[in-house]
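Peer 1: Sequence and computational prediction follow.
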Protein chains: 2
Amino acid sequence: MAPSTETLTAERILEATEEVLRRHGPAKATVVDVARALGVSHGSVYRHFRTKTALREAVTQRWLDRTCQALAGTAAEDRDPEARLRDWIRGLAEAKRRKAADDPELFATYGVLAGENREVVAAHLVDLIAQLTSIVEAGVATGAFTTPDPEATARAVFEATSSFHDPRHATEWQRPGIDEEFTTLVDLLVRGLRA
Amino acid sequence: MAPSTETLTAERILEATEEVLRRHGPAKATVVDVARALGVSHGSVYRHFRTKTALREAVTQRWLDRTCQALAGTAAEDRDPEARLRDWIRGLAEAKRRKAADDPELFATYGVLAGENREVVAAHLVDLIAQLTSIVEAGVATGAFTTPDPEATARAVFEATSSFHDPRHATEWQRPGIDEEFTTLVDLLVRGLRA
DNA sequence: CAGCTGACAGATATTGAAATCTGTCAGCTG
DNA sequence: CAGCTGACAGATTTCAATATCTGTCAGCTG
């Protein structure tokens, strides 16, 4: 790849890393490949990321943050909490399904990265559950929902729907009738939440 | 291992296969190992199982059937459906957790086998969901539960609790507070089921 | 002189030849 | 003669030599 005149930034390295991961897959993507894609020596990459592990961690976080930001809107809106809860969960499930369907190889690659970076994933889940908690709390405030512990309930709703958003279940997202199954489950959960 | 005077049966081969899998793990367990453990030539094993794949399938089914049978009792009892539903799900989750905790390596081995034998697993899930459906139907009959489609609802309850019984989530079964999370989720689901 | 390069040591991955395994079957054995 | 054996061909796995990669750093460059 042609050397660039632009400054070498962490962001540019992360972009190149994602591209290299897309091309080569998680097993064969090397720091040397990333440097080559940027037209620099691999030593320069190490100036921005201490280790290959740190680079992979950062690219994983970047990927997860994108999902988080897309949902933050729904979580912060000021309207019917029940509808927002439905929209939020559906948004999460559909975002994941779309990514898995659009580029299965890249999705599988990030599945591997997620497995390598449990702590980054854990922090991501904390973020997501915090968003969901805020919706449940809003529902309790309007009297739409009843629960002694909104945080625990939000976690329960999140786990209950995990087969529709956890990448480990991605192979099952193609079966027919999955939309009906999802709706049945969300209906059941919402009934359990209601006052 | 000393040659045995007993007749060589499919069941004896399956027992030996499980032992070999326990000792060597899924990657290194060979048909020759199984034959050696039984004191016969590997040709004899092929008299009972057409291929190594068929042998692994059979041993996987045997393993899954044991769980199924343990739960069939709870599903068939004649008492309060709500309590039975709670007991059944808890029984399923605890059986899996116990196996994972007692012999993590063997559990991981069967995780690999399950991944290799999706169809066997699918049939197992059909069985389990049928059991759960019979409990939900009993609840609808007594008026304890309300649902337009007991089978779909049973499936929803099964999927909702999958993070507590699906082996792919086994790494999370050690975290503290998991019992409370399980109880919170089952309470939520039961509330949704009630008339 | 801030940022980059490229040679280097140790760690990791690739490769291809040798060893082992799978699945078959003609013939042995009780 | 029903059931088992063991030699065999082709497929797969192992292993050790070879190549590549990671992470460092002294020195170059703009």
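Peer 2: Ah, there it is. Numbering: from 1, shown residues only, chains lettered A, B, ... in the order given.
Peer 1: From now on I want contacts and neighbour counts done on CA atoms only, so please keep to that.
Peer 2: OK.
Peer 1: where does chain A come near DNA strand D, residue by residue?
Peer 2: Where proximity means CA under 7 Å from any atom of the strand, the interface of chain A facing DNA strand D comprises A:Ala29, A:Thr30, A:Val31, A:Val32, A:Asp33, A:His42, A:Gly43, A:Tyr46, A:Arg50, A:Thr51, A:Lys52, A:Thr53.
Peer 1: and the residue lying closest to the first one once chain neighbours are set aside, what does it touch?
Peer 2: Distances taken as CA to CA, 6 or more residues apart in numbering or on different chains put A:Leu21 closest to A:Ala29, at 5.6 Å, once the chain neighbours are dropped. A:Leu21 sits next to A:Ala29, A:Leu106, A:Thr109 when contact means CA atoms under 8 Å, 6 or more residues apart in numbering or on different chains.
Peer 1: hmm, back to that, in PyMOL, how would I select just the buried ones from the residues of chain A next to DNA strand D?
Peer 2: The following PyMOL selection, which keeps only the buried ones among the residues of chain A next to DNA strand D, applies the criterion 16 or more other CA atoms under 10 Å in any protein chain shown:
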select buried, chain A and resi 29+30+31+33+42
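Peer 1: Tell me if I'm right that A:Lys52 and A:Val32 touch.
Peer 2: No - using CA atoms under 8 Å, A:Lys52 and A:Val32 do not qualify as a contacting pair, with a distance of 10.2 Å.
Peer 1: Show the residue spans covered by the helices in chain A.
Peer 2: Listed in chain order, the helices of chain A (DSSP state H) span A:10-28, A:31-38, A:42-48, A:52-76, A:81-102, A:104-116, A:118-142, A:150-160, A:162-165, A:178-193.
Peer 1: for these, which one sits closest to B:Arg98?
Peer 2: Comparing these by their distance to B:Arg98 (CA to CA), the top pick is helix A:150-160, with 20.6 Å.
Peer 1: between that closest one and helix A:118-142, how big is the angle?
Peer 2: For the pair helix A:150-160 and helix A:118-142, the angle between their directions (axes from the mean of the first three to the mean of the last three CA atoms, to 10 degrees) equals 120 degrees.
Peer 1: Give me the helices and strands touching helix A:150-160, please.
Peer 2: Contacts defined by 3 or more CA pairs under 8 Å, 6 or more residues apart in numbering or on different chains; DSSP states H and E place helix A:150-160 against helix A:118-142, helix B:150-160, helix B:162-165, helix B:178-193.
Peer 1: For DNA strand C, find the nearest of the ones you listed.
Peer 2: With CA to the nearest atom of the strand, the closest approach to DNA strand C among the helices and strands packed on helix A:150-160 belongs to helix A:118-142: 18.6 Å.
Peer 1: With A:Ala58 as the reference, measure out to A:Val120.
Peer 2: Counting by CA to CA, to the nearest Å, the gap from A:Val120 to A:Ala58 is 9 Å.
Peer 1: So A:Leu71 is in contact with A:Trp88, correct?
Peer 2: Yes - counting by CA under 8 Å, A:Leu71 does reach A:Trp88; the two are 6.6 Å apart.
Peer 1: Could you pull up the residues touching A:Ala152?
Peer 2: Contact criterion CA under 8 Å, 6+ apart gives B:Glu181, B:Thr184 as the residues in contact with A:Ala152.
Peer 1: Fine by me, thanks again.
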